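predicted model and sequence below, questions to follow.
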Amino acid sequence: MTTTPSKSIAVASSGRLHMGFFDLHGGLGRKFGSIGLSLAEPSLKISATVAEKFEVTGDITVPASTLSRAAVIAQQLIEKLDLAGSVNINIAQHIPEHAGLGSGTQSALVVGAAVSRLHKLNLSAAQLAVLTGRGGRSGIGIAAFDHGGVLIDGGRATNFSASAAHQLNTSVSKIPPLLARYDFPAAWRILLIFDSSQPGIHGEEERVAFNQLPFFSENLAAYLCRHVLMQAMPALVEHDLLAFGNSIQALQSHVGDYFAPAQGGRYASKLVASVLQHLEDVGVACFGQSSWGPTGFAVFENTVEAEKHLQQLKTTFKDPALTWLICTARNHGAELL
């Protein structure tokens with residue numbers, strides 16, 4: 001995360017793909033574990049100044065719910081940290097909410113970083129995540145804010161002892177640790193597939209869904225861990241999209257089917273599911289749903305391939321709820337200016 005001291009502060013971060021969990025069994029003392037990717041777009045950009053009167057404003061394209069969320073986060077931090085005065089925040093760009101792109105975590109960290117810098121607190125992203133209640137299951141969004149790129153976390157400890165907590169920074173101990181980080185190949189392009197007709201599962205609905213999910217096979221967890229360690233990670237080093245895609249497809253198919261009772265199928269959106277089925281039928285190597293969706297994604301070797309497939313999709317799928325975006329990865333963390 002790059003920093004520049006200033007009386008006012010501007011912070012920019014971006015959305016992320018959560019490509020799947022690889023250990024939903026938890027028998028070794030850790031549960032979840034996930035792989036994700038920081039995106040260059042869509043992005044969240046704010047500016048903030050210290051002020052006597054609290055205010056949150058935004059560009060005309062920023063929805064009221066995004067402004068409200070930022071206000072709640074800022075007020076929560078001011079209260080918890082017992083800060084004098086207040087802040088003015090302006091949101092210039094936003095990440096779509098409840099779309100599976102991590103808008104909640106990025107909002108918390110971007111607003112938190114602004115408050116921290118304005119008040120010279122030097123709080124880390126992990127500390128801000130704990131203060132704002134983020135990062136309970138996945139550390140991908142926090143690592144994306146810090147580092148960008150492809151990120152693999154070690155899940156949440158299920159048997160974290162009091163003695164271990166005393167030995168570690170208490171904020172960091174509550175956040176799934178980052179195990180590996182890679183640059184996403186510069187030539188590869190990501191196609192995002194949006195469905196505006198429905199939100200992804202979130203909030204209380206998400207908590208209920210996790211509590212009601214069935215037992216997850218230990219053998220299947222081991223199988224998925226092997227795919228990540230012995231396929232996805234080497235594929236990123238060697239820029240092998242076919243092998244990387246095979247690993248992601250293993251996660252997407254098994255974890256998607258596991259979550260099917262909660263989200264109505266392997267994928268939450270029937271519109272996006274139809275697009276992803278089409279991509280599979282024409283031989284696309286890497287595709288899936290980000291987090292609870294409904295946003296889908298596909299990865300291509302280069303811009304030409306991405307544009308070619310997008311034109312075919314626009315011809316085949318004409319539902320106005322579907323929109324598309326070709327973007328690159330973000331191989332660096334948030335920017336503080």
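Sure, I can see it. Residues are numbered from 1 along each chain as shown.

in stretch 229-238, what's buried?
231, 232, 233, 235, 236 (16 or more other CB atoms under 10 Å). (Each C-beta comes from the backbone N, C-alpha and C, glycine too.)

err, stretch 55-65, not the other one
Neighbour-count burial for stretch 55-65 [16+ other CB under 10 Å]: 56, 58, 62.

residue 148: which of the residues you listed is nearest?
Within the buried residues of stretch 55-65, distances to residue 148 taken as CB to CB reach their minimum at residue 62, with 23.2 Å.

isn't that closest one right next to residue 94, touching?
Yes - with contact defined as CB atoms under 8 Å, residue 62 reaches residue 94; the gap is 4.9 Å.

the closest residue to residue 242 other than its chain neighbours: how many residues sit nearby?
In this structure, residue 242 finds its nearest non-sequential neighbour in residue 285, 4.9 Å apart by CB to CB, 6 or more residues apart in numbering. Under the neighbour criterion other CB atoms under 10 Å, residue 285 is assigned a count of 19.

contact partners for residue 285?
241, 242, 244, 245, 246, 299 (CB atoms under 8 Å, 6 or more residues apart in numbering).

hmm, try it at 7 Å
Each residue near residue 285 by CB atoms under 7 Å, 6 or more residues apart in numbering is listed here: 241, 242, 245.

any chance of these in a markdown table, plus secondary structure?
Formatted as a markdown table, these follow (DSSP: H, G, I helix; E, B strand; the rest coil):
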| residue | secondary structure |
| --- | --- |
| 241 | helix |
| 242 | helix |
| 245 | helix |
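
what helix or strand does residue 126 sit in?
Element membership for residue 126, per DSSP states H and E: helix 125-132.

please enumerate the helices of the stretch 51-200 of the chain.
64-80, 103-118, 125-132, 140-146, 162-167, 170-173 (DSSP state H, counting those that start in this stretch).

how about those helices in JSON lines, adding distance to residue 24 and mean pLDDT?
Formatted as JSON lines, these follow (distance: least, CB to CB, whole Å; pLDDT from 0 to 100):
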{"stretch": "helix 64-80", "distance to residue 24": "28", "mean pLDDT": "95"}
{"stretch": "helix 103-118", "distance to residue 24": "20", "mean pLDDT": "96"}
{"stretch": "helix 125-132", "distance to residue 24": "22", "mean pLDDT": "94"}
{"stretch": "helix 140-146", "distance to residue 24": "15", "mean pLDDT": "97"}
{"stretch": "helix 162-167", "distance to residue 24": "23", "mean pLDDT": "43"}
{"stretch": "helix 170-173", "distance to residue 24": "21", "mean pLDDT": "50"}
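
winner for burial among those?
helix 140-146 (a mean of 28; mean count of other CB atoms under 10 Å).

residue 270: which of the helices of the stretch 51-200 of the chain is closest?
Short answer: helix 103-118, nearest of those by CB to CB, at 22.7 Å.

give me the angle between that closest one and helix 125-132.
110 degrees (axes from the mean of the first three to the mean of the last three CA atoms, to 10 degrees).

now helix 103-118 against helix 64-80, angle please.
40 degrees.

so for whichever helix or strand residue 261 is part of, what gets flagged as buried?
Using DSSP H and E, residue 261 maps to helix 260-263. Buried residues in helix 260-263, counting neighbours by 16+ other CB under 10 Å, are found at 262, 263.

for it, what does the pLDDT average out to?
Helix 260-263 carries an average pLDDT of 91.

and that helix, how far out from the chain middle?
20 Å (CA atoms, centre = their mean, to the nearest Å).

and the next element down the chain from that helix?
Counting by DSSP H and E, what follows helix 260-263 is helix 270-281.

and the helix or strand that that next one is followed by, which strands flank it?
Using DSSP H and E, the helix or strand that follows helix 270-281 towards the C-terminus is strand 286-289. Applying DSSP bridges to the sheet, strand 286-289 is found paired with strand 296-300 (antiparallel).

domain-wise, how is this protein divided?
9-182+332-336, 189-327 (automatic domain parsing).
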